[in-house]
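Novice: mind folding the following:
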Amino acid sequence: MKFTRPQKKPLIALLVKRTVFFFFSFSLLITFLYIVGTIQGFMETTQTILLRLLVIMGIFLSIGALYGSIMDAGFILINHRRRFILGIISYLLLVMFGVTISVISSFILVLTGGNIS
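Specialist: Reported below is the predicted structural model:
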């Protein structure tokens, strides 16, 4: 009985996946800090910095996840295997999460007059 090795993923796929995971976890951490800061009464400048970081991380997350979904679609076309469909769906959900976080954070920044010097 011969065992077959699973096909190795390209290095770029692993790097994109880990980078998107980093941006997602960092976005969740900043969101947690913003919520805790709102409850605890952090200074307004600290809250503004957290919101600006959240906007930036949301944009980076969206761009990285969009690249990952395009890359997985390319793998489906090249390899003719459907195992990458779940990856495309998860990347697209992360794109929507990143866009939503960025828009909500930008909206809160505009409401609070985010240009505090």
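
Novice: name the helices or strands packed onto the longest helix along the chain?
Specialist: Longest helix of the chain, by residue count under DSSP state H: helix 44-79. Using 3 or more C-beta pairs under 8 Å, 6 or more residues apart in numbering; DSSP states H and E, the elements in contact with helix 44-79 are helix 11-40, helix 85-111. All C-beta atoms are positioned from the backbone trio N, CA, C, and that covers glycine.

Novice: so the first one versus helix 85-111, what angle?
Specialist: What that stands for is helix 11-40. Following axes from the mean of the first three to the mean of the last three C-alpha atoms, to 10 degrees, one obtains 40 degrees for the angle between helix 11-40 and helix 85-111.

Novice: helix 11-40: how far from the chain's middle?
Specialist: Centroid displacement of helix 11-40 relative to its chain, using C-alpha atoms, centre = their mean, to the nearest Å, is 7 Å.

Novice: quick one, that helix and helix 44-79 angle?
Specialist: Using the same axes, to 10 degrees: helix 11-40 against helix 44-79 is 150 degrees.

Novice: so for helix 11-40, mean pLDDT?
Specialist: Averaging pLDDT along helix 11-40 gives 92.

Novice: so what's the residue sitting nearest the centre point of the chain up against?
Specialist: With distances taken as C-alpha atoms, centre = their mean, the residue of the chain nearest its centroid is residue 61 (2.9 Å). Listed by C-beta atoms under 8 Å, 6 or more residues apart in numbering, the contact set of residue 61 reads 20, 23-24, 27, 94-95, 97-98, 101.
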